[in-house]
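Participant: what follows is a predicted protein model with its sequence.
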Amino acid sequence: DSGVTQTPKHLITATGQRVTLRCSPRSGDLSVYWYQQSLDQGLQFLIQYYNGEERAKGNILERFSAQQFPDLHSELNLSSLELGDSALYFCASSVQQGRQETQYFGPGTRLLVL
Amino acid sequence: GNSVTQMEGPVTLSEEAFLTINCTYTATGYPSLFWYVQYPGEGLQLLLKATKADDKGSNKGFEATYRKETTSFHLEKGSVQVSDSAVYFCALSGLISSGSARQLTFGSGTQLTVLP
């Protein structure tokens, strides 16, 4: 158990809908990262937050957004969902330790868009 | 930019066989290197890591050495077990070109199946 929790574990929804994925980082970790894992694209970095502020952006679509709250949990919002958004979404957290930073991953949310 | 090239799978071995999964990287600066493992239906678990050249990461019988001269971080295990069947991802943590933030870049993953 990495100490990172994600809810829900599974999500089934329809095209055009909007969903929110939630992540709670390990105790003491200030950074939260979101990743998408799909069969055709592999593991892709989406976005990073550090202590409530956006820190870095990867291949995140404009239909997707995220935020990190004062209690450090984070939410990833996916809107106008398309079939191709079906994937596993992981969040990871870390204590920022410069070059020696290690990210610990949650169990993921499996999203199926029908 | 940063990239990780990982041995194509799937890899099928008999129990107690020797395992090598090759991983090479391209990065600016001095990245940290990682192996993560994903068991069926689960998330990514950190297997081992190395933060500087010549460091050897090890865990659960797996080892990998950070080789700067060959930009490699090959994963090895002397005697695999059925329970090692999983997908293995090589990754590097390096600077994003736009600033001081670091980003994990993953290889494509290697599916390992160990037969009894």
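Facilitator: The structure has been received and is ready for your questions. Numbers count the residues shown, from 1 in each chain, chains lettered A, B, ... in the order given.

Participant: torsion angles phi and psi at residue A:70?
Facilitator: phi -60, psi -30 (degrees, to the nearest 10).

Participant: for it, which non-adjacent residue is closest in space?
Facilitator: Once flanking residues are discounted, residue A:70 sits nearest to residue A:52: 6.5 Å by C-beta to C-beta, 6 or more residues apart in numbering or on different chains. Using the backbone N, CA and C atoms, a C-beta is placed for each residue, glycine as well.

Participant: so what's that neighbour up against?
Facilitator: A:68-70, A:72 (C-beta atoms under 8 Å, 6 or more residues apart in numbering or on different chains).

Participant: out of these, give me the one that has the most neighbours.
Facilitator: residue A:68 (23 neighbours; other C-beta atoms under 10 Å in any protein chain shown).

Participant: where in chain A is pLDDT low?
Facilitator: For chain A, the stretches with pLDDT under 70 are A:96-99.

Participant: swap that for chain B, please
Facilitator: Scanning chain B for pLDDT under 70 picks out the ranges B:96-101.

Participant: can you pull out the strands in it?
Facilitator: B:3-6, B:11-14, B:19-21, B:23-26, B:32-38, B:44-50, B:56-59, B:62-65, B:75-77, B:86-95, B:102-106, B:110-115 (DSSP state E).

Participant: closest to residue A:40 out of those?
Facilitator: When these are compared for distance to residue A:40 using C-beta to C-beta, the nearest one is strand B:102-106, at 14.3 Å.

Participant: re the thing from before, what's the most distant pair in the contacts of residue A:52?
Facilitator: Pairwise distances across the contacts of residue A:52 peak at 8.6 Å for A:68 and A:70 (criterion: C-beta to C-beta).

Participant: chain B contacts on chain A?
Facilitator: Taking C-beta under 8 Å from any C-beta of the partner chain, the part of chain A that reaches chain B is made up of A:2, A:33, A:35, A:42-43, A:45, A:48, A:50, A:55-56, A:58, A:90, A:92, A:99-108.

Participant: swap the cut-off to 6 Å and go again
Facilitator: A:42-43, A:45, A:55-56, A:100-101, A:103, A:105-108 (C-beta under 6 Å from any C-beta of the partner chain).

Participant: out of the residues you listed, which end up buried?
Facilitator: A:43, A:45, A:55-56, A:103, A:105-108 (16 or more other C-beta atoms under 10 Å in any protein chain shown).

Participant: which of these fall in strands?
Facilitator: Short answer: those in strands (DSSP E) are A:43, A:45, A:55-56, A:105.

Participant: now the strands of chain B as JSON lines including distance to chain A and mean neighbour count?
Facilitator: Shown next, in JSON lines, are the strands of chain B (distance: least, C-beta to the nearest C-beta, whole Å; neighbours: other C-beta atoms under 10 Å in any protein chain shown):
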{"stretch": "strand B:3-6", "distance to chain A": "10", "mean neighbour count": "19"}
{"stretch": "strand B:11-14", "distance to chain A": "17", "mean neighbour count": "14"}
{"stretch": "strand B:19-21", "distance to chain A": "16", "mean neighbour count": "18"}
{"stretch": "strand B:23-26", "distance to chain A": "14", "mean neighbour count": "19"}
{"stretch": "strand B:32-38", "distance to chain A": "6", "mean neighbour count": "25"}
{"stretch": "strand B:44-50", "distance to chain A": "4", "mean neighbour count": "21"}
{"stretch": "strand B:56-59", "distance to chain A": "11", "mean neighbour count": "15"}
{"stretch": "strand B:62-65", "distance to chain A": "15", "mean neighbour count": "20"}
{"stretch": "strand B:75-77", "distance to chain A": "17", "mean neighbour count": "20"}
{"stretch": "strand B:86-95", "distance to chain A": "6", "mean neighbour count": "23"}
{"stretch": "strand B:102-106", "distance to chain A": "4", "mean neighbour count": "24"}
{"stretch": "strand B:110-115", "distance to chain A": "12", "mean neighbour count": "17"}
